[in-house]
Structure formats: C-alpha cells, structure tokens
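[1] generate a structure from the sequence data that follows.
(one chain, ligands or ions: 2)
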Amino acid sequence: MEAQTGLETIVDRYGGDPTALLQILQEAQEIEGWLPPSTLTRLAALLGLPRARVEGVAGFYSFLHVERAGRYRVLFSDNITDRMAGNLDLLERLCSSLWLERGKTSEDGLVLVDTTSCTGMCDQAPALLVNGRAIPRLTPARIDEIAELIRSRVPLGGWPAGLFLIEDNIRRSDMLLDTVLEPGAAIRAAIKCGAQATLETMKLSKLRGRGGAGFATGLKWEACRNAPGDARYVACNADEGEPGTFKDRVLLSRQADLVFEGMTVCAFVIGAARGLLYLRGEYRHLLAPLQDALARRRAAGLLGADICGQAGFGFDIEIHLGAGAYVCGEESALIESLEGKRGIPRNRPPYPVTHGYLQRPTTVNNVETFCAAALVALRGGDWYAGIGTGQSTGTKILSISGDCAHPGIYEYPFGVTVGRVLEDCGAERTQAVQISGPSGTCIDATEFDRHIAFEDLPTAGAFMIFDETRDIFEVVSNFVHFFAHESCGFCTPCRVGTTLLCNVMDKLQNGKGSQHDLNQIFRLSRLLKSASHCGLGLTACNPLLDTLRRFRPAYERRLESLVFEPAFDLDGALQRARAITGRDDDAAHLRNGG
Ligand SMILES: Cc1cc2nc3c(=O)[nH]c(=O)nc-3n(C[C@H](O)[C@H](O)[C@H](O)COP(=O)(O)O)c2cc1C
Ligand code: SF4
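    Ligands and ions are numbered 1, 2, ... in the order given. Next up is the predicted model:
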C-alpha cells in the first residue's frame, strides 16, 4: 500500500507525463531497490500506457532491475583501464568478503555484485557504482571498508562522504577550462547581435561538433532554425559513454554555466523554448549541483521568461537522467530515451534537426560543443577560427588514462601531436594509443607525430595509453565484449555479429584459434560495416581491424594452427573414454592422428 502511494506521488510530480517514464521508473526503483511486476502494472495504469511498453523500457536499461537486485547494487566499472588497475581482483575480494557469487543477488536480498561498462572515471580507476553512486580510486582497504558498511547495513546516506569524492584532475587548461564566465555575458552578446548575425558568427567560427562526428555546428543550427514547425528544442548530449572519455564529466562539474549559456544561445538562434540535458546515469552525482546551477540562473533571469530583459525570449532547461545504455549517446536513440522509450536509434533521415524530440526540430550537441559555442558568441567567430588548424578550429579537451604518470584532463588547441601529449602526461615506453575510444583509432609508436585534428586523428576525447608491457589482444578483447554488451539488439547484423566476434576472441584467448578465425573477423567486419543500423555496429570492428594491421603478432602468437580449429576441445572430451578403456597410446589421441 505504501509503495502504491509512493508511485502515485512520483507520477503526480511528473504531471502524469508518459515521456517522463524513464525518470519515473528510476525513482520508483528507489522504493524497493527493484521494479516488481506489480509496480510496472501500476505505473502503466497511472500513465495510461500499455504494460508491455513499461516493461519494455524497464528491461532495456541496465540500471533498472526487473528482478530482485539487492538493497545494495554494486557494479564494478569494467573498462580496460579498470582492468589494468586491478578491478577484477577487487571484485573477487568484495565477493569473498561478503560470501557472494558475482552476478547473483545474495539469498537474504542484501547485495548484488557485478560489472558494468566504463563509468567515466578512468583517470581514477578502478571505480564502482553503488546504487548508482560512483566510488573511484578503489584499493583493497576501500573494498574492505565498503564490505563492512554493507555487512552493517549502513544506509548509503551514512557512508563516509570521502568515498564518493570525485577529482576533476585538470592537468592542462586552455580557453574552455580557463574561462571565468560572467553568467549571461554570452547571451547578452547574442541578443545584442541578433539571432541571424549570431548564427553567421557561429558559421564563421568553423566550430565542429565535439561528440565524435564533427558536424559543423553553425550549419546544424541553421537547418534547425529553418525547419518548418512551431516548437523547437535544444538537447545537450551528456551521455558520455565512450569508454575512456570523461571530459564532459569535468566540464559539467567545473563549467556548468558555460554549458547552459551555450544551450541558451542556441535556443535564441534557433527559436527554442525548451532545453533538455541528458545526463548519463553514471554521473548522478552531478545532478544536484547542476540543478542548483539551473536554479541560480532562473533567479538571475537567465532562464525563464524574457531572458536578459529580451521581451519574448523564453527558455528553460530540464535534466533527464540516463540509466546505463551506451547506445543512448547516439542522438536519435537519445531522443527516444528523452521521450521515455527504449533507446533504439531511429531511421535517419529524417534527422533530428527536422524531426527530433516529439518529432519537432531539435538541435543535439555535445557538452563541449555548447561550451565552445558560448565562447564564440562572446568573443566572435574570427577570434575562434584563428585558434587550432584550418579544418579544426578551437581547442579540444582530451581525457587521458592508462599508462602515464598524470592521467586526467588536458585541453590543447587542435593540431597538437600525439607525441607532445604523451610527453606532457608522463607516458613512457608507449606501445599504443587508442584515440577516441573503442570506436576510434588505435595507433602505434611509428605514428606519434600525427595530429589531434579532424583532418588527421579525429576524437571525441578519449586518449588511452598502453605501454610495452600490455597485451594489445587483451585490450581489444575488452572492447569487443563492450560492443556486444552494449548492442541494443535492434538489428541482427550487430546483435549477432558482435556476439560472434566475442566468440572468436574467446576462442583465440583460449589458444584454440586458427587462421580461419582471423578470416572470420574480416568477414564479420564487412557484414557489420555494410548492414548495421547505427554507428555502434558500424564501428564495432574498428579496434580489431586497426590492431590486426598494427599488432598482428598479438593475435598470431595465440594461433594453434593455420587451418580450422574447433573451439570445443575434442581430444580433452575423450579423456574419460580413455580412462575407462585404460588406453593412453598415440592412437587414442586426436592430435596424434587417432
Ligand atoms: C553509439 C554512439 C554513441 C554516441 N555517444 C555520444 C555521446 O556519448 N556523446 C555525444 O556527444 N555524442 C555521442 N554520439 C554522437 C551523437 O550521435 C551526435 O553526433 C552528437 O551528440 C552531436 O553533437 P555534436 O555535433 O556537438 O558533436 C554517439 C554516437 C553513436 C553512434
Ligand atoms: S547497430 Fe547495434 S546498436 Fe545500432 S541499432 Fe543495430 S543493434 Fe542497435
């Protein structure tokens, strides 16, 4: 009964709006630690939605639990940088301390321990999430402390605050991170210029999107401004799920005003009245400070009606929390998720600039893009275009992790060489750098004179370093499993292809691989590249193809033979028969010609 009343209160707070379903489910989960069938039924009735739709959404997101999941849900971040920092040993330590099996809720319903994809804390790995709250810099002592807190059933609110402290680790700053913004200054500059002239400034700056694809921001805003329709939306993509990327986390923590300022300038240019910031669930710790920043801006007349005294310019921003699905970073999946649905990418075209949120024109930009746009509005397109390179203007923030003395956030003008970055962060004997995460590019030591720029090495920000002691095969295997885990399952080539790739990698790992398996990788790659519905499937083979070209020995030393080898150990399976018959001669072994 208490739970039922709780559900009604939550639904009422969202005005019974079905597009808030994902937010409602997350809050409903707080009541019992999971979403029992009765909760889903009740929510469907309260929201006037088919129950199958509510269940479908609840089942899609990895932070929503439709099976009993324990009062404490502990998920260890499992990016390769967490692995390098010993996350699996720490997971085992916690499991054995609590007498648990990984992935299974304890019989008393107290705790579940498992892994999750990269949590965006690679500069302070290894990390875990407990009930969605991040704890970085794990050590055996921290694990023992966490085990004791769980055993003593201390509510999360009573855990020492120091456990949850997340460092910003800014090591090199430039114009974005150095800016001390007078809130409203960029909006006032845009209003003074007018919407059309601000748009021209944006085009003049040659600013390109920082979320990965590098689309020209001015052109995107122009297409949205010119799209037919009465309502327009601004969406900020703060899903930041690419393993190895954490720069948006730091921008949101240090430069929230700059992000909101950029969104408001965009609203002014395109004529939007509503903005949505999609914050990845792993960054839940940023929700309250961001909401405080929004409240401050409302109080200062920088959001709401007649912003900065400009009659008729009304705009406000709300924050939506994601729930653990990498694919929701893809802009059309993000929009689906904002509408309270499963995060399945849409068919494109039409693009979000004409048919986005609620099928209305929507501008989706990355966090860093909005920060840069605010600076362009404030200081001019010419000024901005003078920084960086011809095709890549301005600065880029890199998230540096892996084998280096000083992991963290580094902001450089575009055009910086990889070698310079490696020197600055104290990397030695570097074997490889993975630029822009698993979907990006892996380069070796012969290429460290290459440049971070759209015309050479484009990146959304991840810069993962692997020194000569690392086994590149292990790195790639982690990435391949990541893609299979995060495939949304909508299209068969990606759903099946990424799983088959995992099987090939596991077979090679187990010493059962052959040339046939390497050929199979190329076949699957062609399939994924030609038939996938979205960027996840299209790029899932990138790390394999890059490393097969540059680090082939890492694969070949695992090959059993050049001909086909079954993944199943036939000879091993005959051992019992040999024991029964008392035979162990050559002819009784398959490998010896038996
Ligand atoms: C699987 C996938 C995940 C993505 N994740 C993100 C993300 O976390 N953040 C982001 O800004 N863009 C991400 N993108 C790119 C977005 O689809 C989109 O291009 C971007 O948000 C546009 O903003 P921009 O023009 O400012 O770069 C992703 C794309 C794909 C295919
Ligand atoms: S390519 Fe993969 S992630 Fe993208 S829609 Fe298809 S199944 Fe989903």
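[2] are we agreed that residue 109 is in a strand?
    No. With DSSP: H, G, I helix; E, B strand; the rest coil as the criterion, residue 109 is assigned coil and is not in a strand.
[3] any idea how far ligand 1 is from it?
    34 Å (Cβ to the nearest ligand atom, to the nearest Å). All C-beta spots, glycine's among them, are computed from the backbone N, C-alpha and C.
[4] what's near enough to touch that residue?
    68, 70, 71 (Cβ atoms under 8 Å, 6 or more residues apart in numbering).
[5] who wins for neighbours among these?
    Across the contacts of residue 109, the neighbour count under other Cβ atoms under 10 Å reaches its highest value at residue 70, namely 21 neighbours.
[6] ok, it touching residue 106?
    Yes. In terms of Cβ atoms under 8 Å, residue 70 counts as a neighbour of residue 106; the distance is 6.4 Å.
[7] okay, and the common contacts of the two?
    Counting by Cβ under 8 Å, 6+ apart, the residues touching both residue 70 and residue 106 are residue 112.
[8] so for the chain, the centremost residue is which one?
    residue 241 (0.3 Å; Cα atoms, centre = their mean).
[9] state the pLDDT value of the nearest residue to that one once chain neighbours are set aside.
    Nearest residue to residue 241, sequence neighbours excluded (Cβ to Cβ, 6 or more residues apart in numbering): residue 326, at 3.8 Å. Residue 326 is assigned a predicted lDDT (pLDDT) of 97.
[10] what about residue 326, neighbour count?
    27.
[11] that one against residue 536, yeah?
    Yes. When contacts are counted by Cβ under 8 Å, residue 326 is listed as touching residue 536 (7.3 Å).
[12] which stretches in the stretch 451-594 of the chain count as helices?
    472-486, 492-509, 515-531, 535-539, 542-550, 552-556, 570-573, 575-581 (DSSP state H, counting those that start in this stretch).
[13] output the contacting helices and strands for the fourth one.
    Going back to what we said before, that points to helix 535-539. helix 492-509, helix 515-531 (3 or more Cβ pairs under 8 Å, 6 or more residues apart in numbering; DSSP states H and E).
[14] for the longest strand along the chain, give the mean pLDDT please.
    If you go by DSSP state E, the chain has its longest strand at strand 395-402. In this model, strand 395-402 has an average pLDDT of 98.
[15] so how far is that strand off the chain centroid?
    15 Å (Cα atoms, centre = their mean, to the nearest Å).
[16] is any residue of that strand near ligand 1?
    No. Strand 395-402 lies apart from ligand 1 when judged by Cβ under 6 Å from any ligand atom; the minimum separation is 11.9 Å.
[17] that strand vs helix 472-486, what angle?
    Taking axes from the mean of the first three to the mean of the last three Cα atoms, to 10 degrees, one finds that strand 395-402 is oriented at 110 degrees with respect to helix 472-486.
[18] partners of strand 395-402 in the sheet?
    strand 408-413 (antiparallel), strand 462-467 (parallel) (DSSP bridges).
[19] can you list the residues that contact the last one?
    Looking back up the chat, that one is strand 462-467. Residues contacting strand 462-467 (Cβ under 8 Å, 6+ apart): 80-81, 122, 242-245, 398-404, 410, 421-422, 425, 427-437, 440, 472, 475.
[20] tell me the buried residues within those residues.
    80-81, 122, 242-245, 398-404, 410, 421-422, 425, 427, 430-437, 440, 472, 475 (16 or more other Cβ atoms under 10 Å).
[21] so which of the strands paired with strand 395-402 comes closest to ligand 2?
    strand 462-467 (18.8 Å; Cβ to the nearest ligand atom).
[22] would you indicate which residues of that closest one are buried?
    Within strand 462-467, the residues that count as buried by 16+ other Cβ under 10 Å are 462, 463, 464, 465, 466.
[23] and it with ligand 1, contact?
    No. Using Cβ under 6 Å from any ligand atom, strand 462-467 never reaches ligand 1; the gap is at least 10.7 Å.
[24] convert the C-alpha atoms of that strand to PDB, please.
    The C-alpha trace of strand 462-467 is given here as PDB (Å, rounded to 0.1, in the frame of the first residue of the first chain):
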ATOM      1  CA  ALA A 462      39.400   9.600 -25.200                       C
ATOM      2  CA  PHE A 463      43.200   9.000 -25.200                       C
ATOM      3  CA  MET A 464      44.000   5.700 -23.700                       C
ATOM      4  CA  ILE A 465      47.700   4.800 -23.300                       C
ATOM      5  CA  PHE A 466      49.200   1.300 -23.300                       C
ATOM      6  CA  ASP A 467      52.800   0.800 -22.600                       C
END
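[25] got the contact list for the residue in the stretch 151-300 of the chain positioned nearest to ligand 2?
    Nearest residue of the stretch 151-300 of the chain to ligand 2: residue 241, at 11.8 Å (Cβ to the nearest ligand atom). Counting by Cβ under 8 Å, 6+ apart, residue 241 touches 117, 118, 120, 280, 325, 326, 328, 329, 486.
[26] and what of residue 491?
    Taking Cβ under 8 Å, 6+ apart, one finds 531, 532, 533, 537 in contact with residue 491.
[27] and the residues you listed, which is closest to residue 150?
    residue 537 (38.2 Å; Cβ to Cβ).
[28] measure that closest one to residue 222 for me?
    30 Å (Cβ to Cβ, to the nearest Å).
[29] what residues does the chain put near ligand 1?
    209-213, 215, 237, 239-242, 327, 329-331, 364-366, 369, 534-536.
[30] circling back to that earlier point, of the buried residues of strand 462-467, closest to ligand 1?
    residue 462 (10.7 Å).
[31] the closest one: what's its closest spatial neighbour, skipping adjacent residues?
    Here the residue nearest residue 462, using Cβ to Cβ, 6+ apart, is residue 244, at 3.3 Å.
[32] try residue 216
    residue 208 (5.7 Å).
[33] that neighbour: neighbour count?
    Neighbours of residue 208 using other Cβ under 10 Å come to 24.
[34] one step back: more neighbours: which of residue 537 and residue 222?
    Using other Cβ under 10 Å as the criterion, residue 537 and residue 222 rank with residue 537 on top: 25 against 20.
[35] quickly note the distance from the closest residue to that one other than its chain neighbours to residue 535.
    Nearest non-adjacent residue to residue 537, counting by Cβ to Cβ, 6+ apart: residue 494, 3.3 Å away. Note on residue 494: its distance to residue 535, by Cβ to Cβ, is 10 Å.
[36] low-confidence ranges in the stretch 1-150 of the chain?
    1-3 (pLDDT under 70).
[37] how about the helices in it?
    Using DSSP H, counting those that start in this stretch, helices in the stretch 1-150 of the chain cover 2-13, 21-32, 37-47, 51-60, 80-84, 87-97, 140-151.
[38] other SSEs contacting the first one?
    Right, helix 2-13. helix 21-32, helix 37-47.
[39] can you pick the most crowded of the contacts of residue 241?
    residue 328 (31 neighbours).
[40] isn't that one up against residue 335?
    No. Taking Cβ under 8 Å as the definition, residue 328 is not a contact partner of residue 335, at 9.4 Å.
[41] joint contacts of the two?
    Between them, residue 328 and residue 335 share no contacting residue, judged by Cβ under 8 Å, 6+ apart.
[42] so who does the closest residue to ligand 1 within the stretch 401-550 of the chain touch?
    Ranked by Cβ to the nearest ligand atom, the top residue of the stretch 401-550 of the chain for proximity to ligand 1 is residue 535, at 2.5 Å. By Cβ under 8 Å, 6+ apart, the contact list for residue 535 reads 212, 330, 439.
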